[in-house]
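Student: What would the 3D arrangement of this be:
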Amino acid sequence: MTTSVMPPMHRASNLVKTAVLLAAMSALTLAVGQLLGGPRGLVFAGAIVVLMNAVSFWFADAIALRLNGAHPLSREQAPELFSVVERLAAKADLPMPRVFVIETDTPNAFATGRSPAKAAVAVTTGLLETMRPRELEGVLAHELSHVKNRDTLIMTVAATLAGLISHAAQLVFWYGGALLGGSHRDDEEHGGGLAMLGLLIVAPLTATLLQLAISRSREFDADASAAQLTQDPEGLASALSRLEGLNQAMPYDRSPAAAHLFIVNPLSRRGVASLFSTHPPLSERIDRLLGRA
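Tutor: Coordinates of the predicted model:
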């Protein structure tokens, strides 16, 4: 028995959004290069754009897994987990994804991969240790729904771009004069130092806003698809309720750029960070699952 989760038109829309995301970030990078280095900066930025787009599309899944220290699991190491993933994948008419584990007590999970054939599901050791069987099934169904809905492509690309943008901003800030062909004196005369400082602040903020723009609605869609796949919305609602409390008590801040990939926000969300959550409120997600919205 197979389950249709998202119509082809919606999947095509996700591919279009990925292309728009890449185009927007390319334009932003070129504009910054022109602003800081003139024609030479524009050429340098163009080279960065080509590299950034190639890396984010072809290697984003591997980068997301590496950023979180995920390592592959075999069927012999986790037979029960493989059994659940295999059953849900077959029900959703998906290829069996690769399965990875992240060594942390914080319970969480995410899916990645530019297509179902290249998909991977990563779970934390904390998730395997704390979730009840129906809750674990709900979490895995949610992640496989991201794969089915073609969310993993744009979400993983966004995570990679966010990391690349932040590192590039730091690189330009510290070595901008040498990279763009200017001198420190030129920077001081033309306000380049202030421009670079602004870039260091604005670039990560822009990446975060991009994550916000693409992530929230996809979580609602994946919740609904998971409930349809398992026919047990209460199981996923129970998992989300427990995950919220456990992630607040034991935040996982290893890779902020990839935070939006996880089923619940893994970050500490203290202070200003709480204003930029990449996930919709857990209470609203639970209400929708239980028909209370």
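
Student: Okay, S74 and A239: tell me how far apart.
Tutor: 25 Å (CB to CB, to the nearest Å). C-beta here means a position set from N, CA and C on the backbone, and glycine is covered the same way.

Student: same thing with L282?
Tutor: Taking CB to CB, one finds L282 at 11 Å from A239.

Student: Which of those two has more residues huddled nearby?
Tutor: A239 (29 against 19; other CB atoms under 10 Å).

Student: In three-state terms, label the more buried one for me.
Tutor: Put simply, A239 is helix when judged by DSSP: H, G, I helix; E, B strand; the rest coil.

Student: thought it was touching E143?
Tutor: No - contact between A239 and E143 fails when scored by CB atoms under 8 Å: they sit 11.5 Å apart.

Student: Direction included, what does the helix or strand encompassing V121 pair against?
Tutor: Assessed by DSSP states H and E, V121 sits inside strand 120-124. In its sheet, strand 120-124 lies beside strand 98-102 (parallel), strand 109-112 (antiparallel), with partners assigned from DSSP bridges.

Student: contacts for that strand?
Tutor: Applying CB atoms under 8 Å, 6 or more residues apart in numbering, the contact partners of strand 120-124 are 61, 65, 68, 70, 81, 85, 97-113, 139-140, 143-144, 147, 252.

Student: cool, stretch 97-104 as well?
Tutor: 65, 68-73, 78, 81-82, 85, 89, 108, 111, 113, 116, 119-126, 128, 144, 147, 252, 254.

Student: From those residues, which land in strands?
Tutor: 71-72, 111, 120-124 (DSSP state E).

Student: The stretch 101-250 of the chain: helices as residue ranges?
Tutor: 125-130, 133-148, 151-180, 184-189, 192-230, 233-249 (DSSP state H, counting those that start in this stretch).

Student: what does the average pLDDT come to for the first one?
Tutor: Mean pLDDT, helix 125-130: 97.

Student: what's the neighbour count on P79?
Tutor: The number of residues packed near P79 is 9, by other CB under 10 Å.

Student: what's the distance between T104 and R98?
Tutor: From T104 to R98 the distance is 19 Å (CB to CB).

Student: Verify the contact between A258 and R66 for me.
Tutor: No - using CB under 8 Å, A258 is not in contact with R66, being 10.1 Å away.

Student: Specify which residue of those two has the higher count of neighbours.
Tutor: Neighbour count, other CB under 10 Å: between A258 and R66, A258 has more, with 26 against 12.

Student: Give me the distance between the more buried one and L140.
Tutor: When A258 is compared with L140 (using CB to CB), they lie 19 Å apart.

Student: before we move on, what about Q248?
Tutor: Taken as CB to CB, the span from Q248 to L140 is 22 Å.

Student: And R134, by the same measure?
Tutor: Following CB to CB, the distance that separates R134 from L140 is 11 Å.

Student: Which one's more surrounded, those two?
Tutor: Set R134 next to L140 and count neighbours by other CB under 10 Å: L140 wins out with 30 against 14.
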